[in-house]
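**Student:** Output the structure for:
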Amino acid sequence: MTRFRTLLITAFAVFAVAVPTALAAHNGNNSAQLTGTGDPDATGKAIVNYSEGRGDFNGTINVKNLNPGETYSFFVRRGATETLVCSGEANSQGTFTCQAQHLPLPGFTMAVVRNAAGIEVASGTFARRGNCRDPQQAGSLCAPGQNK
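**Tutor:** Next comes the predicted model:
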């Protein structure tokens, strides 16, 4: 019985430590609803998530009503600075999707989609949910001196 109790206590201790660690691994959800700017029919959604365990970001986007076969790029923007997340072609129905992982992104407030000529076709402002992020990033819940 003592051996069983020790095993049970050990299993509980491992679970109590592992679950919060796993939950903390994904630490910030950033979502933007996109509307057309240069292409008024364009609509979509961009998601960029911060992963505490890796210290980097994953990004994905889906935009509809674009020109089939045309190349588009997804950027995040803060002020006048844009950083490329990923690029790809719109499919035969005019839907552009792309994703990237392990991105060392700076702070950002907006999602921007540009065509191959560099013209902005859609954009949206990120809504933030989650824990602490870069204290310089808009919407951050970081206390002064924290850095994630």
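
**Student:** Run through the protein and note the low-pLDDT ranges.
**Tutor:** Applying pLDDT under 70 to the chain picks out residues 1-28, 53, 130-148.

**Student:** In it, what residue spans correspond to strands?
**Tutor:** Ranges of strands in the chain, per DSSP state E, are 28-36, 43-51, 56-64, 71-78, 81-89, 96-103, 110-115, 120-130.

**Student:** Reformat the ones you listed into CSV and put mean neighbour count next to each item.
**Tutor:** Heads up, the C-betas are built off the backbone N, CA and C, glycines and all. Below are the strands of the chain laid out as CSV (neighbours: other CB atoms under 10 Å):
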stretch, mean neighbour count
strand 28-36, 19
strand 43-51, 20
strand 56-64, 20
strand 71-78, 21
strand 81-89, 16
strand 96-103, 17
strand 110-115, 22
strand 120-130, 18
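
**Student:** What's the local residue count around the closest residue to Lys64 other than its chain neighbours?
**Tutor:** Excluding the flanking residues, the one nearest Lys64 by CB to CB, 6 or more residues apart in numbering is Thr95, at 5.0 Å. Neighbourhood size, Thr95 [other CB atoms under 10 Å]: 14.
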